[in-house]
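Novice: my questions concern the predicted model and sequence given below.
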Amino acid sequence: MHWFFLIEESFKTMVHSKLRTFLTMLGIVIGLAAIVVMVAIGQGVSQQIQDQISSFGDNLITVFPAPPNTSGARGSTSSGVRLTKDDYEVIKKNSEYLSGVSPIVQIFAQLITSQGNWNTRLYGASEDYLDIRKLELKDGRNFTYQEVQSYAKVCIIGQTIVENLFPDSDPLGQTIRVNKALLTVIGVLEEKGSNSFMDQDDIIIAPYTTAMNRLGTSRRNIQQIVCSARSKEEMDLAYEEVRTILRQKHRLSDTDEDDFRIQNQQDVLEASKQTSSVLTMFLACIAGISLLVGGIGIMNIMLVTVAERTKEIGLRRAIGARKIDIQQQFLFDSVVICIAGGTVGILLGVSVVALLKVVTTLTLIISPLSIIVGFTISFATGVFFGYYPARKAALMNPIDALRYE
Amino acid sequence: MDEIIRIENLVKIYSQGQESEVVALQGVDLTINKGDFVAIMGASGSGKSTFMNILGCLDTPTSGNYYFNKEDVTKMDDEQRSFLRSRSIGFVFQNFNLLRQSNSVENVMLPLLYWQKLKIKSLKDFKKQRKIFATKAEDALKKVGLYERRFHYPYQLSGGQQQRVAIARALINDPNVILADEPTGNLDSKTSIEIMQIFTKLNEEGVTVILVTHEHDIAEYAHSTVEFKDGKIVKS
């Protein structure tokens, strides 16, 4: 039978048994809608992670104190090695490919003003920190090199802290008590918004010298040194440069391993991309299971349909249909149902995603690829689960089929 | 007269070699000429149904020869027999066997859809081809006097009307032979007469009609009668 006529025959059958067609489609509809939504969630999450990592700057190089593979035994011998202010200064002084260097000293602190108090993490950093982290000032100014050198009691705060500590007044020029010191607010950061992992506006930055010496506890060590390469292209050069400088500074011989760890932002991004693509795959697999169930439903109903249309099969064979004609017809029915169900499912999935975007703050991404793959899967489901029933129909003995009651 | 069907020493054994072996036909010879009107009679189990199935190329004999239009059917494969059925044989069944989802015209044109090598490349071609088929179907419906009901669905038709649609379907390919298996079995006597008059008319127009029935007054419409008993022809 020519496929134009196949379409007509298939359409007539579907319209004739609307309820059955609908129920058969339902499994595929739900399966594909689930795939579209799940993949949108997975890709949304991965996009969010990558945005966050990128928001730190794609030219970021971070130095940590210990190598990542320190075993217990070696850990004890190298436990004395920490990053110090001198490490920072030597990098700052000797680097050629870096546009900014800042140590980071993190202190958990309680911030107190006349209008409230707030527990958060204070970042002690250098004057380069805002540039390295790509933070913009909304009001006021950054602290200067001189202020860092003079342990100035100044700070820059983010919107969350403004809202909690200075709900009804301009924070600029006011003081915040941090542990034992009074810090004057000289700058307010632009709002960055929160994501599902952390509030990026819950931030207070002070000169690292102040953080190390004036906030009650005296600290000698710094937790990280963050550097920005001059450009993305010079990342590798900058990486090697920082490493060479630190090895010299730490007096490591050629055979010694690094007693610090340098993390390249590109690597972090790559790693997170991998992790999140695994997440997306995982979610897609869960949705795929529902599609599989839908597919089995199709096979089930197709088998019932074949049994129910036995007489029709016998008749068609008698009036000249070949086995292949019968097989094509049933296969076609199943494929049409799957593609129609798939289309409805994709539309449903896209609608659900659109709705979720309105009612939640989730980041959801519908990629054209997931829609193309969705169509392909529904077609494949139709062929795969329609083949056996169609084959069964084709191989029926026409005499038995005609006699079937 | 030209022969259309020649059957020689036809044997059909079911489950051959097993305990449940059944010999349905044991050496049947029959020749039917073009334009004949033959009634096949016999009690149930006499082998007449098996004979009809083989005659209609739906089944193959265990041994013996079957020539349809001088072609050896026993040497044909499934596809070739399908082709023969679609071009040369029209079937009419006791229970009409119309498709519920199709109206009269669509039911009648169904055999045409299985014609191979239709040249359809666009929707326009398809519509054109469908129109040709539908016109043929309407002509066939006119022959059985059911043109007015061409857009009715089977459930909107009486039994007699459904059987007339089925006859139109059997006619659409201009077959050499119409095989009617108890065509009046589900109809009242008045309607049965109408149906038999249609067969008579078709036969007068030159169509070979082979009729299976167990009713003698129906068999009277035929020009000759073949009677089966225990897998053999006992009277012809």
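Specialist: Right, received. Where do you want to start?

Novice: can you get me a residue count around A:Asp325?
Specialist: Per other Cβ atoms under 10 Å in any protein chain shown, the neighbour tally for A:Asp325 reads 20. Heads up, the C-betas are built off the backbone N, CA and C, glycines and all.

Novice: residues touching it, list them.
Specialist: A:Asp325 sits next to A:1, A:316, B:82, B:114 when contact means Cβ atoms under 8 Å, 6 or more residues apart in numbering or on different chains.

Novice: what about the spatially closest residue to A:Glu234 that is not a sequence neighbour, distance to chain B?
Specialist: Once flanking residues are discounted, A:Glu234 sits nearest to A:Tyr97: 4.8 Å by Cβ to Cβ, 6 or more residues apart in numbering or on different chains. With distances taken as Cβ to the nearest Cβ, to the nearest Å, A:Tyr97 is found 65 Å from chain B.

Novice: re earlier: give the buried subset of the contacts of A:Asp325 as a PyMOL selection command.
Specialist: A single PyMOL command selects the buried members of the contacts of A:Asp325 (16 or more other Cβ atoms under 10 Å in any protein chain shown):
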select buried, (chain A and resi 1+316) or (chain B and resi 82+114)
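
Novice: now, which of the contacts of A:Asp325 lie within strands?
Specialist: Assignment to strands by DSSP state E places none of the contacts of A:Asp325 there.

Novice: output the contacts of A:Asp325 in a markdown table, with pLDDT and distance to A:Ile41 appended to each entry.
Specialist: As requested, the contacts of A:Asp325 are exported to a markdown table (pLDDT from 0 to 100; distance: Cβ to Cβ, whole Å):
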| residue | pLDDT | distance to A:Ile41 |
| --- | --- | --- |
| A:Met1 | 79 | 43 |
| A:Arg316 | 93 | 46 |
| B:Ser82 | 91 | 52 |
| B:Tyr114 | 88 | 49 |
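
Novice: strands along chain A, start to end?
Specialist: A:60-64, A:83-84, A:98-113, A:116-125, A:137-140, A:154-157, A:175-178, A:181-189, A:204-207, A:221-222, A:224-229, A:261-264.

Novice: could you say which of these is packed most deeply?
Specialist: Neighbour counts (mean count of other Cβ atoms under 10 Å in any protein chain shown) averaged over each of these peak at strand A:204-207, with a mean of 28.

Novice: which strands and helices sit next to that one?
Specialist: When contacts are defined as 3 or more Cβ pairs under 8 Å, 6 or more residues apart in numbering or on different chains; DSSP states H and E, strand A:204-207 packs onto strand A:116-125, strand A:154-157, strand A:175-178.

Novice: those strands: which one's closest to A:Tyr387?
Specialist: A:Tyr387 lies closest to strand A:116-125 among those, at 60.5 Å (Cβ to Cβ).

Novice: which stretches of chain A aren't confidently modelled?
Specialist: Residue ranges of chain A with pLDDT under 70: A:67-81, A:193-198, A:217-219.

Novice: give me the most central residue, it.
Specialist: When Cα atoms, centre = their mean is applied to chain A, the residue found nearest the centroid is A:Ser46 (1.3 Å).

Novice: so what's it up against?
Specialist: Taking Cβ under 8 Å, 6+ apart, one finds A:272-273, A:275-277, A:279-280 in contact with A:Ser46.

Novice: okay, and which of those map to helices?
Specialist: Secondary structure assignment by DSSP state H places A:272-273, A:275-277, A:279-280 of these in helices.

Novice: near chain A, which residues of chain B?
Specialist: Applying Cβ under 8 Å from any Cβ of the partner chain, we find that chain B lies next to chain A at B:53, B:56, B:58-59, B:78-79, B:82-83, B:85-87, B:91, B:93, B:97, B:99-102, B:106, B:110-111, B:113-115, B:118, B:120, B:123, B:126, B:129-130, B:169, B:173.

Novice: I'd like to know which of these are buried.
Specialist: Members of these classed as buried by 16+ other Cβ under 10 Å are B:53, B:56, B:58-59, B:82-83, B:85-87, B:91, B:93, B:97, B:99, B:101-102, B:106, B:110-111, B:113-115, B:118, B:120, B:126, B:129-130, B:169, B:173.

Novice: tell me, how many residues neighbour B:Asp188?
Specialist: Each residue near B:Asp188 was counted by other Cβ under 10 Å, and the total is 11.

Novice: A:Ala390 contacts A:Ile324, doesn't it?
Specialist: No - applying Cβ atoms under 8 Å as the test, A:Ala390 and A:Ile324 come out as separate, 10.1 Å apart.

Novice: which one's more surrounded, those two?
Specialist: Remark: of A:Ala390 and A:Ile324, A:Ala390 carries more neighbours, 23 against 13, as counted by other Cβ under 10 Å.

Novice: lovely, talk soon.
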